[in-house]
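[1] I'll drop the sequence and a predicted model, then ask my questions.
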Amino acid sequence: MPSFSLIVEFLTGYCVATDSANREKAEWPPHPARIFMAMAAAHFETEPTNQAQRAALEWFERLDPPDIAIPHHTVRDVLTVYVPVNDQAGGEALIQRSRQARFFPRVHIGTEPLRMTWRTPHENGEEHLTQLETICRSVTRIGHSSSLVWMRLERDTSGEPTHVPDEHALERGLRIVQTGTLKRLEEAFNISVIKEFAELEEQISVSKGKAKSQFKIALNERFPHGQPKSQRPVFSVSRGYRPITTPPGEAVQSQFDPNFIVLRQHEDTTQVYGVESTAMVTDTLRKLIMSKVKEVPSWVGGHEPNCDKLKSQNHMALIPLPFVGGKYADGHLMGLGIVMPREIPYRERARVLSPLLFDQENNLITLELRMGNVGVWKLVRETDFAPKQNLRTKTYTDPSLSWASVTPVLLDRMPKADRMKEPTAWREEVAGIIAQSCQNVGLPAPIAVRVEKTPFFRGSLRAMPGQGGFPQLRKGRFQVHVQIEFDKPVQGPLLLGSGRFFGYGLMRPWKEEVQ
């Protein structure tokens, strides 16, 4: 299908744009609506009477939302900047000029461009694209005036997106444009009325006597509330986007979808929970989900219609997202993940889980995990495209030959060898049990399995309970930390063992330099 892309290069290496819902957060990537506004502004500032350009923008606003290729980026900390206000009245203004707190949230992008691709039949497209090219050359910034850009249009691009629109996805929504957007922007800017007001004021300033009085009367009648102003445009329509995960051709996919739902700790939460609380918080979240879902499908509840244990298909898993793997990692829980089987359609996921995550006005719901005397943990859906490392789905899903456990693996069966009397035989038998666990979930048998009591990721805890380690999930079952090598890349999420649906046996791609 014919396509074209808008390429945006940030000349300073930074994008400075404020999230429309939170003035202290950066908007990244720039929403399609923001890109359109920048192009509309360029048109009105350079050639407002050019009907060909206007027709091109009106054609452009009718297109479906674009695919997006988001470059690697880093969100910078937001600092409070105190900016002097405009000149004040009174003789003390120059001495006691007030300052107001302002925020300039920014994202570091470097030299790699942002790419938005529209795949659409070109109905009179060539003529419109030529006009859009001209408009792009006049766009100087996206967002704040310091966010300088070079914007251009490319035809029939073959670039691969990182995120695609999906109206049924439970991913963050980006503001989009629709038919009539250009007209609404024009009306919000209110330029004709503002000019009329200015012209009347000019007439008053140059007139005298009766004529001046008549112009004042006309001004008061026409503008009883004073000088008209431009309105900030509001875009209330958004489209959900989901990330694209493209594993290498030889990668083996796990049973779980890499596009899992991330719940992060809410800013208002005062209680902090450690990774040792995994079983408690995942069990509480499961009960909350079961109470919110009107009709619990098998892939959520984990049971067949006759209440037997589900065997006909895989089902939802809940995983901890702890701060592990870094120099200063301390193992505190940053959030939780809701992981779903690959075979569950996005439409079905949205139907079942939307009431848990969004209210009737499509606002995010703050979830409260009430755990008695232990406290209340508040969670909210992670909507940032650049979350912290341990809240990124890629951290747990990137294809890898080597994987290590974040939480201990609960063995599917008890080893026959005695761990104290026959340590070597015990380790070999446990390695065999782990290898079988991999095959039980559709993965190839690993070529090497390393079994330890101590964690591989800094910040996690020992597998042994009672020694500053993880609580025993089930009595009479051993739990161990493991590091696994495969002969071909495996794509996560990778969950192993009989506790995998409650956060035990969570694996992450492993590299020795992590420590």
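    Good, I have the coordinates.
[2] switch to C-alpha atoms for all contacts and neighbour counts from now on
    Will do.
[3] and Trp150, helix, strand or coil?
    The assignment at Trp150 comes out as strand when based on DSSP: H, G, I helix; E, B strand; the rest coil.
[4] For it, name its beta-bridge partners.
    Beta-bridge partners recorded for Trp150 (DSSP bridges): Glu9.
[5] downstream neighbour of the top helix by length along the chain in the secondary structure list?
    Using DSSP state H to define each element, the chain has its longest helix at helix 423-440. Of the helices and strands lying after helix 423-440 in sequence (DSSP states H and E), the nearest is strand 448-452.
[6] tell me the domain boundaries of the chain?
    Under the assignment automatic domain parsing, the domains of the chain span 3-180, 191-222, 252-514.
[7] can you tell me the distance between the two ends of the first one?
    The reference is to domain 3-180. Terminal residues of domain 3-180 are spaced 23 Å apart (C-alpha to C-alpha, to the nearest Å).
[8] that older thread, would you mind giving the orientation angle of the longest helix of the chain with respect to strand 448-452?
    120 degrees (axes from the mean of the first three to the mean of the last three C-alpha atoms, to 10 degrees).
[9] For Pro243, which of the domains of the chain is the nearest?
    When those are compared for distance to Pro243 using C-alpha to C-alpha, the nearest one is domain 3-180, at 4.2 Å.
[10] what's the spacing between that closest one and its chain's center?
    With C-alpha atoms, centre = their mean, to the nearest Å as the basis, domain 3-180 stands 18 Å off its chain's centre.
[11] quick one: average pLDDT of that domain?
    For domain 3-180, mean pLDDT is 84.
[12] Buried residues, the longest helix of the chain. List them.
    Using 16 or more other C-alpha atoms under 10 Å as the test for burial, helix 423-440 gives 426-438.
[13] do the same with stretch 229-244
    Those would be Ser238, Arg239, Gly240, Tyr241, Arg242, Pro243, for stretch 229-244 by 16+ other C-alpha under 10 Å.
[14] How about the fourth one: what's its closest non-neighbour residue?
    The one in question is Tyr241. Leaving aside its sequence neighbours, Tyr241 sits nearest to Pro165 (C-alpha to C-alpha, 6 or more residues apart in numbering; 4.3 Å).
[15] What separation do you get for that neighbour and Glu202?
    Pro165 is 50 Å from Glu202, by C-alpha to C-alpha.
[16] Looking at these two, which one has more neighbours?
    Pro165 (19 against 12; other C-alpha atoms under 10 Å).
[17] from what I can see the more buried one touches Asp67, true?
    Yes. Taking contacts as C-alpha atoms under 8 Å, Pro165 lies within contact range of Asp67: 6.5 Å.
[18] mind saving the C-alpha coords of the longest strand along the chain as CSV?
    The longest strand of the chain (DSSP state E) is strand 479-491. Only the C-alpha atoms of strand 479-491 are listed here, as CSV (Å, rounded to 0.1, in the frame of the first residue of the first chain):
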residue,chain,number,x,y,z
GLN,A,479,12.6,-23.0,45.2
VAL,A,480,15.9,-22.1,43.5
HIS,A,481,17.5,-19.3,41.5
VAL,A,482,18.5,-20.5,38.0
GLN,A,483,20.4,-19.2,35.0
ILE,A,484,19.6,-20.9,31.7
GLU,A,485,21.3,-21.1,28.3
PHE,A,486,19.5,-21.9,25.1
ASP,A,487,20.9,-22.8,21.7
LYS,A,488,18.7,-20.2,20.0
PRO,A,489,17.2,-16.9,21.2
VAL,A,490,14.0,-17.0,23.3
GLN,A,491,11.6,-14.1,23.5
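[19] ok, which stretches of the stretch 201-350 of the chain are helices?
    209-222, 278-292, 298-301, 346-357 (DSSP state H, counting those that start in this stretch).
[20] Please tell me how far the second one is from the chain's geometric centre.
    In other words, helix 278-292. Its chain's C-alpha centre and that of helix 278-292 lie 23 Å apart, by C-alpha atoms, centre = their mean.
[21] Gln360: which of the buried residues of stretch 229-244 is nearest?
    Ser238 (15.0 Å).
[22] Identify the residues contacting the closest one.
    Residues counted as contacts of Ser238 (C-alpha atoms under 8 Å, 6 or more residues apart in numbering) are Gly173, Leu174, Arg175, Ile176.
[23] No more questions from me, cheers.
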